[in-house]
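Trainee: build the 3D model from these lines:
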Amino acid sequence: MKTLSICTGFFLLLFFLAYPSASQEITGPRMVIEEKVFAHEDVEQGATVEHIFKVRNPGTETLEIKKVVPG
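Mentor: This is a model prediction of the structure:
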């Protein structure tokens, strides 16, 4: 029983250390993409498909996107 209490206390300590407090303000850039996937209909071979993903930065600093890899 004592071992269970020690393990529970240890995991609670790790949990609180791993996640920032709600009162702490998160600073820096932060990228938010509402639509992460674009599912298009069938496309003929050789046709061009275009889509715009809107990126927001609700962070406190400038967001720099240095590399984009289409997948």
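
Trainee: ok, which stretches of the protein are strands?
Mentor: Assigned by DSSP state E, the chain shows strands spanning 32-33, 55-56.

Trainee: figure out which of those is closest to residue 62.
Mentor: strand 55-56 (12.7 Å; Cβ to Cβ). To be clear about C-beta, it is placed using only N, CA and C from the backbone, and glycine gets the same treatment.

Trainee: paired strands for the closest one, with orientation please.
Mentor: According to DSSP bridges, strand 55-56 forms sheet pairs with strand 32-33 (antiparallel).

Trainee: okay, now the unreliable bits of this structure?
Mentor: 1-5, 7, 9-24, 71 (pLDDT under 70).

Trainee: what about the helices in it?
Mentor: In the chain, the helices defined using DSSP state H lie at 2-18.

Trainee: related to what we said a few turns ago, now render the strands of the chain as a markdown table, adding distance to residue 69 and mean neighbour count.
Mentor: Below are the strands of the chain laid out as a markdown table (distance: least, Cβ to Cβ, whole Å; neighbours: other Cβ atoms under 10 Å):
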| stretch | distance to residue 69 | mean neighbour count |
| --- | --- | --- |
| strand 32-33 | 14 | 10 |
| strand 55-56 | 15 | 11 |
